[in-house]
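1. Give me coordinates for this.
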Amino acid sequence: MVRLANQIRHTPLRMGLRHNHFQAVALLATILVIFGSTFARAESADDDDLVKLARKHFNYDSIKSDQVRNVFDKFFLSVHQGNRAFFVRPGTKFDPSQGYSWGPEQTVESAWIVWVSTDPDAVKFVRPAGIQIYGAKIDGDLDLSWAKMQFQLAMDGCYFTGGFYGFGATVRRIELVQSQVSIFGMIWEGSTIEGDVMLDRSQFLGLIFFQNATVNGQLSAIQTTFSDPVGAIDLSFSKVGAGLNLRSAVARGRVVLNYAEIKGRVDCDGANLAVGEYVPEPGVGYSALSGDLMTVTGDVSLRNLNGTSGL
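-> Residues are numbered from 1 along each chain as shown. Below is the predicted model of the structure:
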């Protein structure tokens, strides 16, 4: 009787635990089915769901060049698999400043990036690793204004024929290392970058404009060249969460940090800054590095900084 009573007393608890365990296993299985169906690895581009969707949208059959088709398939397959797409040609000297001469075998259309980043059906196939490209010519204006991207944009060693725009956009992270961006610049006014903005060792022929932007990570432009004589980089009214690094950067135009809020360290060691062709209003002073009413919570390091017309 005692044994029977104990069995009866503990049976509901045991059944409840088994029931909860079954629910948890069922939920996990459902998640795996959904995730697996979206991010399942295809054996080839022909079998990949994102590639199929992209081919339909861009009328793949109208593309006559095998080189363009190969780049198309490699790009979308790499995005779906969360891999970096490499387009550097073996046996050639790699120099992004000469990217204007790169042929169709290294050309990624900006329209492809915009579509896969914003189309409701396509974006479901993008992994958190996001868009990862190395050694490609990004052809045309890359305009991601107002897009909401829960993944990173990493385009290293790339040559941009147009501008790179993200007015009011949200993105997890931006990486443009050892790249060259055209005279149309990088305009991300009012944007939100959840992580870092990495622009190291790149060359910008136009202005970098991050007014009223929020960068929760660091903004780094180590050994970066800003060639626009009117202005190099403008972070006015922006918020940077983990420091600003312009170490050994070279700027022909002004660096403007007015009213910016920067948490962490500001490092301009060894930078070479110039006023360029900036024309101030009558009676208003100007300098190569302007930080009027800027707030910095960490150190500011200006060792070996060279600047024309004052700082």
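
2. where along the stretch 151-300 of the chain do the helices fall?
-> Counting by DSSP state H, counting those that start in this stretch, the stretch 151-300 of the chain has no helices to list.

3. Quick check, central residue of this protein?
-> By CA atoms, centre = their mean, the mean C-alpha position of the chain lies nearest to residue 174, the distance being 2.3 Å.

4. thought it was touching residue 197?
-> Yes: the criterion here is CB atoms under 8 Å, and residue 174 meets it with residue 197 at 4.7 Å. Just so you know, the C-beta spots here come from the backbone N, C-alpha and C atoms, and that holds for glycine as well.

5. What is the burial count for residue 300?
-> Residue 300 has 13 neighbours, counted by other CB atoms under 10 Å.

6. Also residue 210?
-> Residue 210, neighbours per other CB under 10 Å, totals 27.

7. just checking, it touches residue 237?
-> No: contact criterion CB under 8 Å: residue 210 and residue 237 do not qualify, at 9.4 Å.

8. ok, what's across the strand from the residue nearest to the centre of the chain?
-> residue 153, residue 197 (DSSP bridges).

9. Check the gap between it and residue 229 for me.
-> Residue 174 is 25 Å from residue 229, where distance means CB to CB, to the nearest Å.

10. try residue 142
-> Separation of residue 142 from residue 229 (CB to CB): 24 Å.

11. Look at these two and report which has more neighbours.
-> Each of residue 142 and residue 229 has its neighbours counted (other CB under 10 Å); residue 142 has more, 26 against 15.

12. Pretty sure that one sits against residue 164.
-> Yes: contact status for residue 142 versus residue 164: in contact at 4.9 Å, counting by CB under 8 Å.

13. Skipping its backbone neighbours, what lies nearest residue 148 in space?
-> Once flanking residues are discounted, residue 148 sits nearest to residue 170: 4.9 Å by CB to CB, 6 or more residues apart in numbering.

14. residue contacts, that neighbour?
-> Applying CB atoms under 8 Å, 6 or more residues apart in numbering to residue 170 gives the contacts 147-149, 191-194.

15. shaky segments in the stretch 1-150 of the chain?
-> Scanning the stretch 1-150 of the chain for pLDDT under 70 picks out 1-43.

16. Could I get the full set of helices for it?
-> Per DSSP H, counting those that start in this stretch, the stretch 1-150 of the chain carries helices over the ranges 2-39, 49-57, 66-81, 110-118.

17. elements contacting the third one?
-> Packing contacts for helix 66-81, counted by 3 or more CB pairs under 8 Å, 6 or more residues apart in numbering; DSSP states H and E, involve helix 49-57, strand 85-86, strand 107-109, helix 110-118, strand 131-134.

18. For the ones you listed, could you give me JSON lines that also reports distance to residue 222 and mean neighbour count?
-> Shown next, in JSON lines, are those (distance: least, CB to CB, whole Å; neighbours: other CB atoms under 10 Å):
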{"stretch": "helix 49-57", "distance to residue 222": "34", "mean neighbour count": "18"}
{"stretch": "strand 85-86", "distance to residue 222": "23", "mean neighbour count": "17"}
{"stretch": "strand 107-109", "distance to residue 222": "26", "mean neighbour count": "20"}
{"stretch": "helix 110-118", "distance to residue 222": "25", "mean neighbour count": "19"}
{"stretch": "strand 131-134", "distance to residue 222": "19", "mean neighbour count": "22"}
